[in-house]
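> Sequence first, then the predicted structure, then my questions.
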Amino acid sequence: MSVTGIETVDVPVEACRLVADYVVPCRADTPADVIAGGAVDIGPDGRIAAVGRPDELGPPPGPVRAVGGLLLPGLVNVHAHTPMSLIRSVGDGLPLMRWLKEAVWPLEGRMTPDDAHVGMLLGSAEMLLAGVTTSCEMYLFEAEVVAAAASTGARLVITPGVISALTRNGDVEPRIDEITEFHRTHHRPGERVTVGFAPHSIYDLTPAQCGEIAARAQAVGALFHIHLEETRSEREQVLAAHGATATQLLADHGALEGPTLGAHGVWLDETDRRLLGEAGAAVAHCPQSNLKLGSGIAPVAELLAAGVTVGVGTDGPASNDDLDLWEELRLAPLLARGSGHDPEAMAAPAALSLATSGAARALALPDVGHLTPGTWADLVRVDLDVPSFTPLRLDTLLTHLVFAGSSRFVTDVWVAGRPVVAGRRLATVDLGAVMAQGQQRADRLAGA
Ligand SMILES: [Zn+2]
């Protein structure tokens, strides 16, 4: 039972062999690899013990379960502010800065730690039911976000936020110390939690402060996660104030020297893209949020060509308005092709990698996002026995998965070998209670 009184169940690891009609491992070196009649062995440590055709594998690590359908890695949402599920859909129609100042921040200002906890439970449940096993969260209330993900069983990259409004006289030092301490106490990859640092943006803080935060993240090998070039006006504002782009300023202040994730990247120019590619940095592509807020379309094909790692993210559920990463997975190639007038841009395996292996790389999580022996058994089963997967052919399967696939076909989900969704039902938390509390708390925040 958590502080919110919502019942939770600790689901144990289930060592077994899952035999499916198809297994899509999403390995970076063979992204189009599909194993017909494949199996995935989940070891007692929650890691993948073997992947392949059952007749090629050794003895199974537990019961053999013929699950049918298609198994693929759990999807990875690289940029989210999930507790914002409690303020889903607010301020529709406002441009970014007005949306933040007039709609979002006043409501978030009233949020209590327990509200954030319930908001994270709600969004985390939504993601798991959609087959999204990992999310990278940029938010305050980091302890509550961690506790909620621990309850639902999701994998979490928590990057506690640094925003100027919460500093005294612009002094970010106390908050950096707090996050450093939080990293020390909560960074537990074996327990599904990694911790990073998240300055809101270079326009909210100063380039020097961002450099300082990056240095502290680099000192502990943590992810540096920052909003980057989301809107044109933000780009122009930074250029006018500093005579350089946000990316150039980050590079000048040493902020690209560790694992770096820039969220959005809609307005990055060629020099920015080259700098990010040379630094080995990543961009969180959030197409649906960018479209909803009218921010534009990120140059994803150009980013990938420059060697930038790209993963897809939903952004917060207030600007999306859901956490269904299948929509981003489909929008990414559609927008790349449509905006580039190029039907060959972003083939299906490349699109799929933006939500699997590429996304995991963007979060510096080598053991996630692909089905390889030794990696975490974060898996999703997709039902293929539905009209939109008929007819089914091996040569079109991945195209089908990207362009006709949907969260509504996800039936079962494992995180670190624990079956957290079974038969479309969340096994770890009482979803009805979470939704009821979510509604109640959202009503209070809205002043209803
Ligand atoms: Zn964001």
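Received, thanks.
> Show me the residue at the heart of the protein, geometrically.
Per CA atoms, centre = their mean, the C-alpha nearest to the average position across the chain is that of N77, at 1.7 Å.
> my guess is it contacts C136, does it?
Yes. Contact status for N77 versus C136: in contact at 6.8 Å, counting by CB atoms under 8 Å. The C-beta positions use only the backbone N, C-alpha and C, and glycine is treated the same way.
> shared neighbours, these two?
Taking CB atoms under 8 Å, 6 or more residues apart in numbering as the contact rule, N77 and C136 both touch G313.
> returning to that earlier point: what comes into contact with the one helix or strand the residue nearest to the centre of the chain maps to?
Element membership of N77, judged by DSSP states H and E, is strand 75-80. Strand 75-80 is contacted by residues 123, 127, 130-138, 225, 261, 263-264, 282, 284, 286, 311-317, 323, 325-326, 329, 355-356, 359-360, 362-363, 365, 368-369, 380 when judged by CB under 8 Å, 6+ apart.
> Apply 7 Å and report the result again.
127, 131-138, 261, 263, 284, 286, 311-316, 323, 325, 355-356, 359-360, 362-363, 368-369, 380 (CB atoms under 7 Å, 6 or more residues apart in numbering).
> for the stretch 301-448 of the chain, which spans come out with low pLDDT?
Scanning the stretch 301-448 of the chain for pLDDT under 70 picks out 448.
> any idea of the angle the host helix or strand of G119 forms with strand 75-80?
Secondary structure assignment for G119, by DSSP H and E: helix 113-129. In terms of direction (axes from the mean of the first three to the mean of the last three CA atoms, to 10 degrees), helix 113-129 departs from strand 75-80 by 150 degrees.
> Tell me the secondary structure at the closest residue to Q237 other than its chain neighbours.
Distance criterion CB to CB, 6 or more residues apart in numbering; nearest residue to Q237, sequence neighbours excluded, is Y203 at 5.8 Å. Look at Y203: counting by DSSP: H, G, I helix; E, B strand; the rest coil, its state is coil.
> Would you mind listing the residues in contact with Y203?
Applying CB under 7 Å, 6+ apart to Y203 gives the contacts 234, 237-238.
> Contacts for the very next helix or strand once past the helix holding G119 next, please.
Downstream of helix 113-129, the next assigned helix or strand under DSSP H and E is strand 132-139. Outside strand 132-139, the residues that touch it by CB under 7 Å, 6+ apart are 74-83, 127, 145, 154-159, 161, 198, 225, 323, 325, 363, 368, 378, 413, 415.
> Stretch 261-272 too?
With contacts defined as CB under 7 Å, 6+ apart, stretch 261-272 is touched by 78-79, 223, 225-230, 232, 235, 245, 247, 276, 281-284, 286, 290, 295-299, 303, 313, 362-363.
> And for stretch 51-65?
The contact list for stretch 51-65 (CB under 7 Å, 6+ apart) reads 15-19, 23, 25, 35, 37-44, 49-50, 371-373.
> hang on, the earlier thing: what pairs with the closest residue to the residue nearest to the centre of the chain other than its chain neighbours across the strands?
Spatial nearest neighbour of N77, excluding adjacent residues (CB to CB, 6+ apart): S135 at 4.2 Å. Listed by DSSP bridges, the beta-bridge partners for S135 are N77, L156.
> just to revisit the earlier point, can you list the buried residues in whatever helix or strand comes next after the strand holding N77?
The helix or strand immediately downstream of strand 75-80 is helix 96-98, counting by DSSP H and E. For helix 96-98, burial by neighbour count (16 or more other CB atoms under 10 Å) applies to L96.
> quick check: mean pLDDT across helix 96-98?
The average pLDDT within helix 96-98 is 88.
> residues in contact with P95?
293-294.
> Ramachandran angles for it?
For P95, the backbone dihedrals (degrees, to the nearest 10) come out as phi -70, psi 160.
> Just give the number of residues close to P12.
Other residues lying near P12 total 11 when counted by other CB atoms under 10 Å.
> if I look at it, how far off is A416?
11 Å (CB to CB, to the nearest Å).
> List the buried residues for the host helix or strand of P106?
Remark: P106 resides in helix 105-108, with elements defined by DSSP H and E. Using 16+ other CB under 10 Å as the burial criterion, the residues of helix 105-108 that qualify are 107-108.
> Rounded mean pLDDT for it, please.
Averaging pLDDT along helix 105-108 yields 91.
> buried sites along the helix holding G119?
By neighbour count on 16+ other CB under 10 Å, the buried set for helix 113-129 is 114-129.
> Might you report the residue contacts of the nearest residue in space to L397 that is not next to it in sequence?
Distance criterion CB to CB, 6+ apart; nearest residue to L397, sequence neighbours excluded, is V34 at 5.6 Å. If a contact means CB under 7 Å, 6+ apart, then V34 has 22, 24, 394, 397-398 as its contacts.
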